[in-house]
Structures are given as structure tokens and as C-alpha cells.
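Take this sequence and fold it.
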Amino acid sequence: MLRLERRPSASRFWSTATPLLAVLATMIAGGVLFALLGKDPFVAIRTIFWDPLFGQFASYSRPQLLVKAGPLILIAVGLSLGFRAGIWNIGAEGQYIIGAVCGAGAGLAFYPSESPLIFPLMILAGALGGWAWAMIPAILKVRFNTSEILVSLMLVYVAGHILSAASFGLLKNPEGMGFPGSRNFQQFPAAHNAEIFAGTGMHWGTVTAFLAVIGGYVLLSRHIFGFQVRVAGQAPRAARFAGVSPGRLTAICLGISGALAGLAGLFEVSGPAGQISTDFASGYGFTAIIVAFLGRLHPVGILLAGLLMALTYIGGELAQLTLNLPSAAIQAFQGMLLFFLLAFDVFANFRLRFGRVEVAR
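Here you go, the predicted structure:
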């Protein structure tokens, strides 16, 4: 019979090859899905992965690669710290929303001032908003041992209602002729997260994402906190004997991931999105979970995975436009990445065995 047998230690080959095999399997399964929808699978895959970089619309789509990748990388780096320690923040989408609302509110409070201090204030407010929202599951976990998975996830829906209330109420544009949504930050230069170099897609959110990758790498490989994170994830009992406080680690990991998600929301609302609106929530917080695992919870891997996922976003939009593919098919295609990643990841810790299992009598 076919069975799974645990390896003595994780396979280095499978750990390295899993992301590549997951991408390849996603292409194959996605091709089958597109064929069932009546589309040429080779054209669809080429449109998603090749055309955004080298196709007819490359001059537009290349800069968008950094625009889409920035928030994914920023959120995923924060999530990876907790995931490594066995702390599961599934509600980064809510922290992303609250960071955007707090940061936008801090900027709009000073409209139409042109003070250079407004944007730094927005950055601080966005980070604090995301951090505060992540502290709710952290405190409940530490004090009452609640599940941070459920609490952080449920808070996403609360954040969605707060976003709607802000769009229709407190942050609503008084000159918007009754339509929900805040003022457009492109018309508020002191609060606008504009491109640093025109036509590149590089704005302060992208810069912060790259800094987060560097900071995450240094933190995990050169700092005692990184050692504590690794030990807590691999051997929780050993971590306690080594003096690692589970409550303190939970608060720090959730706080960092919340702050980075809040920053991602602030940079997005003040830049590419342009305003607080009822449809601001884009799912970046959930997609970043895929990015974190596809990058093997390593900052450099997350950087590459974020760029790849951003490519599927842009290529997916291009496929919808040129091939008339439904958006649900593109979302399913992106979800396949996590499915195959988890499927192949089994072989890092288990090997397939054939034969009968001897049962003691």
C-alpha cells in the first residue's frame, strides 16, 4: 500500500524545489482550466507571464509590477516573522484597511495645508493604526489564550465596516456631490505618495518594501530576536527553557506584521488607489499569505514571490482584457499557487513508501 513516512529531517531538495514545482504545476493546471473555458492555454499562460514584461502593453505594465508588488512584499515580510514563530496572523487585510483609514484621516485633517510634515505624520498614523488593530488578537491571545487565527480573521470584517463608515461619513469628500469616498490625494500634493521617478512605478511604498526585506533578513539572521523566532517555531518547549517569553514574542510578531500591513495600506491609499472608498480593500492582506509561503518565509524569497504574484495580477488583468477571461478564473489560478505549494511541501517532511505495513499482534 502507498503511505507517507516521516523523514528524520526536512529534505533540503524538496524545500528548495517546492516553490518552482508549485509554479510549474499551477501553469499546467491553469492551462487545463483555461482550455475548459474555451481559451488557448498557451496563449493564456503567455499573456499572464510574458506579455506584461515583453508584450504590446509592456511599457504600461512594467511599472505596475512594482506598484502591485510593493504592498504584497511589505505585508508578507511582516507575516513571515509570526509564521516562523508559529503565530498565525490571518487578518493582515484588516490591518491594511485600518492603516489606510488612520493614515488618510491624519492627512485629510490638515487639508489643504502644504506642510512637508503631513506625509510623515500619515506614515506614522498608518503604522500605528495597523499595529493597534493587530494588538487586539495579540492581547486576547496573551491574556485569554484565544485563537489569533479566528480573532484576526474576524477583525477583517469589522475593518471592512469601518472602511464603509469612513467612506460614507467621517472621511467623505464634502465636495464629492454625495458620492461615497474621501478627497483624492492626487489633488492634495502634501499628502500624495507620488512616483519618485516618473514612469517607473517606484514610490515610497515600494522603497519601504525593499527596506523591509533588508530589515527582515538582518533581523532573522543577525539578531537575537531572529533566533528566538526560529526556536519558538521549531521547538516551543526549548524556547521556553531558553528564556523566550511566548506572550512577549506574540505581541512583537503581531505588532510588527500589523504595522507593516498598516504602512502598506497608507502607501496604497495615498498613491495608486488615491482615496478612501468602499472598494479600497483589494485582498492584498490575504494574497500576502501566499507570497509569504511561496517565498519560504525568507525575506529574499518573499521579494521574488511578491514580484511573481504581482506579475499574475497584471497578467491576469491583461488576460481579462484581451482574452475575455473571467476574473474568477484568474483568482482560481492565483489560489492554485498556494494549493500546489502546500501539496508539494508535504514531501519536504515525508517520503512516499510502497509496501505493506506490519501490524503488531
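
For Phe280, which three-state class applies?
The three-state assignment at Phe280 reads coil, by DSSP: H, G, I helix; E, B strand; the rest coil.

so what's it scoring on pLDDT?
Phe280 carries a pLDDT score of 93 in this model.

Now it, what are its backbone angles?
Note on Phe280: backbone dihedrals following degrees, to the nearest 10 are phi -70, psi -40.

can you count the residues close to it?
By other C-beta atoms under 10 Å, the residues close to Phe280 number 24. (C-beta placed from N, C-alpha, C; glycine too.)

go on, Tyr313?
Tyr313, neighbours per other C-beta under 10 Å, totals 23.

What segments of this structure are helices?
12-36, 41-49, 51-54, 58-84, 92-108, 118-144, 148-168, 204-222, 224-234, 236-241, 246-269, 284-294, 299-323, 327-349 (DSSP state H).

Pick out the shakiest of those helices, pLDDT-wise.
Looking over the helices of the chain, mean pLDDT reaches its minimum on helix 236-241, with a mean of 81.

Report the distance from that helix to the chain centre.
Centroid separation for helix 236-241 versus its chain: 29 Å, with C-alpha atoms, centre = their mean, to the nearest Å.

Likewise for stretch 300-320?
The chain centroid and the centroid of stretch 300-320 are separated by 12 Å under C-alpha atoms, centre = their mean.

out of the helices of the chain, which comes closest to His192?
When those are compared by C-beta to C-beta, helix 118-144 sits nearest His192, at 8.0 Å.

what's that closest one packed up against?
Helix 118-144 is packed against helix 92-108, helix 148-168, helix 246-269, with contacts defined by 3 or more C-beta pairs under 8 Å, 6 or more residues apart in numbering; DSSP states H and E.

list the contacts for the residue minimising distance to the centre of the chain?
The residue lying closest to the centre of the chain (C-alpha atoms, centre = their mean) is Ala288, at 2.0 Å. The neighbourhood of Ala288, defined by C-beta atoms under 8 Å, 6 or more residues apart in numbering, consists of 71-72, 75-76, 79, 92, 261.

ok, now Ile75?
Counting by C-beta under 8 Å, 6+ apart, Ile75 makes contact with 92, 96, 257, 260-261, 264, 284-285, 288, 291.

cutoff 6 Å now
By C-beta atoms under 6 Å, 6 or more residues apart in numbering, Ile75 lies in contact with 92, 261, 264, 285, 288.

re earlier: so for the residue nearest to the centre of the chain, what's the nearest residue that isn't a sequence neighbour?
Closest residue in space to Ala288, ignoring its immediate chain neighbours: Ile75 at 3.7 Å, by C-beta to C-beta, 6 or more residues apart in numbering.

Among the contacts of Ile75, name the buried ones.
Neighbour counting by 16 or more other C-beta atoms under 10 Å classes 92, 261, 264, 285, 288 among the contacts of Ile75 as buried.
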